[in-house]
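Student: any chance you could fold what I've pasted below:
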Amino acid sequence: MFEILKKIESFGFEAYIVGGYVRDYLLGKISNDIDICTNATPLQIKEIFPQAKTPEKDFQSVILKLDKYNYEITSYRQDISYQNNRQPATYKLVKTLEEDLKRRDFTINTLCLDSNGNIIDLFNAQEDLSNKVIKTVRDPFLSCEEDILRVLRAIRFSTVLDFELDVNLMKAIQEKGYLLKNLSYDRKKEELNKIFKSNNILKGIKLLIKLKLDPILELNNLNKVIITNDSLGIWSQLNVLDIYPFSRQDKKDILLINKLVSNKKIDLETIYYYGLRLCLIAGQILNISDVLEMNEKLVIKSFKDIEIDLNKYYFEDKKWIKELCQLLEIKIINGDLKNDYQEIDKFVKDYLKTKNML
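Tutor: Here you go, the predicted model:
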């Protein structure tokens with residue numbers, strides 16, 4: 001990655017790795033996504049790296065994929081005005097690194113690495129990193145109003161990194177939080193997902209409630225949520241299927257989790273038909289702790305595991321095949337029938353006799 005910086009510098013430009021990669025590097029975390037800022041324009045960057053691509057939303061940047069790393073190379077810029085409390089409406093290219101860093105959200109995201117691996121810290125970010133505090137680069141009230149996503153990003157960083165929010169930032173969030181209504185549900189969900197997937201999720205939930213953001217985000221059951229290891233378990237308790245965007249599969253899974261929870265029990269049949277993942281989620285909500293142990297007791301995981309080939313039997317009416325398959329599954333799962341070819345063969349023949357098909 002330093003070779004990228006050196007190559008840009010060889011053309012007479014400045015270049016620094018900036019933001020999350022540097023922050024995570026100092027925290028001992030590894031990332032394959034690297035942001036680079038430079039005083040070169042996108043056109044000049046593409047002359048240096050012809051394979052670079054221009055993103056759909058062009059804020060004077062290009063995308064470069066090289067080896068195992070994804071680089072976003074952005075020209076120094078100053079954001080002059082914002083639209084919809086979210087995106088820069090007007091901006092201009094600037095000449096210095098400091099001018100560029102002033103537009104960024106939090107001090108811990110202003111840290112830079114030069115081509116020799118030296119840390120560049122213009123906003124005392126290392127001190128904030130050491131003190132484990134999330135602080136905006138500029139006035140927090142103005143910063144949150146310009147880009148309201150910063151409210152959720154602040155809570156996400158506080159949750160994931162286990163940092164505290166700066167006192168003035170908390171006040172700004174409380175005052176400007178209502179502007180989250182202008183943020184798309186996709187972006188809200190993206191940040192909330194990162195909070196819900198964190199091992200420190202409880203901190204994030206407490207912050208959302210403390211800062212009174214739960215009603216603004218339409219998470220009205222947030223104070224009643226039971227923590228689960230899977231974020232889908234959190235979403236299943238919030239009753240927001242008609243509000244937030246979910247994939248078809250996630251919607252189906254949430255409905256199944258809710259059905260499992262309403263049934264208030266998980267047994268071998270449940271695990272077989274609903275799958276281990278959904279049963280583990282429902283089990284956490286229901287405080288049923290032996291789901292994994294029950295799963296280990298399952299003799300079969302799917303119908304393919306049953307020692308039988310139904311093609312060798314004659315079914316006058318195909319509607320009985322589904323009933324027979326389910327009977328075999330239930331009896332084997334519950335231990336009423338061994339998963340043994342001869343025993344199953346006898347069971348199937350007896351079943352066919354009852355249907356006058358043998």
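
Student: let me see the contact set for Leu268.
Tutor: Taking Cβ atoms under 8 Å, 6 or more residues apart in numbering as the criterion, Leu268 is in contact with 294, 297-298, 333-334. C-betas here are computed from N, CA, C, even on glycine.

Student: name the member of those with the most neighbours.
Tutor: Highest neighbour count within the contacts of Leu268: Ile333, with 20 neighbours (other Cβ atoms under 10 Å).

Student: which segments of the protein make up each domain?
Tutor: The record's domain parsing of the chain by automatic domain parsing lists 1-131, 137-224, 227-298, 303-354.

Student: quick one on the thing from earlier: can you name the two of the contacts of Leu268 that sit furthest apart?
Tutor: Taking Cβ to Cβ, the two most distant members of the contacts of Leu268 are Met294 and Asn334; they sit 12.0 Å apart.

Student: can you pull out the helices in the stretch 101-250 of the chain?
Tutor: 125-131, 140-146, 149-161, 167-176, 185-196, 201-210, 231-236, 248-263 (DSSP state H, counting those that start in this stretch).

Student: and these as TSV, adding distance to Cys37, mean neighbour count and mean pLDDT?
Tutor: Formatted as TSV, the helices of the stretch 101-250 of the chain follow (distance: least, Cβ to Cβ, whole Å; neighbours: other Cβ atoms under 10 Å; pLDDT from 0 to 100):
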stretch	distance to Cys37	mean neighbour count	mean pLDDT
helix 125-131	15	16	97
helix 140-146	19	20	95
helix 149-161	19	23	97
helix 167-176	24	18	98
helix 185-196	23	18	97
helix 201-210	29	18	98
helix 231-236	32	23	98
helix 248-263	36	15	98
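
Student: of the contacts of Leu268, which belong to helices?
Tutor: Among those, the members falling in helices (DSSP state H) are 294, 333.

Student: need the contacts of Leu268 in TSV with distance to Arg138 and pLDDT, can you?
Tutor: Converted to TSV, the contacts of Leu268 look like this (distance: Cβ to Cβ, whole Å; pLDDT from 0 to 100):
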residue	distance to Arg138	pLDDT
Met294	55	96
Lys297	59	95
Leu298	57	95
Ile333	62	96
Asn334	65	94
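
Student: and which of the contacts of Leu268 is nearest to Ser10?
Tutor: Nearest to Ser10 among the contacts of Leu268, with distances taken as Cβ to Cβ, is Leu298, at 61.6 Å.

Student: correct me, but the closest one touches Gly335?
Tutor: No. Using Cβ atoms under 8 Å, Leu298 is not in contact with Gly335, being 10.7 Å away.

Student: what about Leu232, distance to Asp250?
Tutor: Computed as Cβ to Cβ, to the nearest Å, the Leu232 to Asp250 distance reads 6 Å.

Student: relative to helix 149-161, how tilted is the lowest-mean-pLDDT helix or strand in the chain?
Tutor: When the helices and strands of the chain are compared on mean pLDDT, DSSP states H and E, strand 87-93 comes out lowest with a mean of 78. Interaxial angle, strand 87-93 versus helix 149-161 (axes from the mean of the first three to the mean of the last three Cα atoms, to 10 degrees): 90 degrees.

Student: buried stuff in strand 87-93?
Tutor: 88, 91 (16 or more other Cβ atoms under 10 Å).

Student: Provide the strand pairings for it, with the direction of each partner.
Tutor: Strand pairing for strand 87-93, using DSSP bridges, gives strand 77-83 (antiparallel).

Student: do I have it right that Arg153 meets Glu190?
Tutor: No. With contact defined as Cβ under 8 Å, Arg153 does not count as touching Glu190 (10.3 Å).
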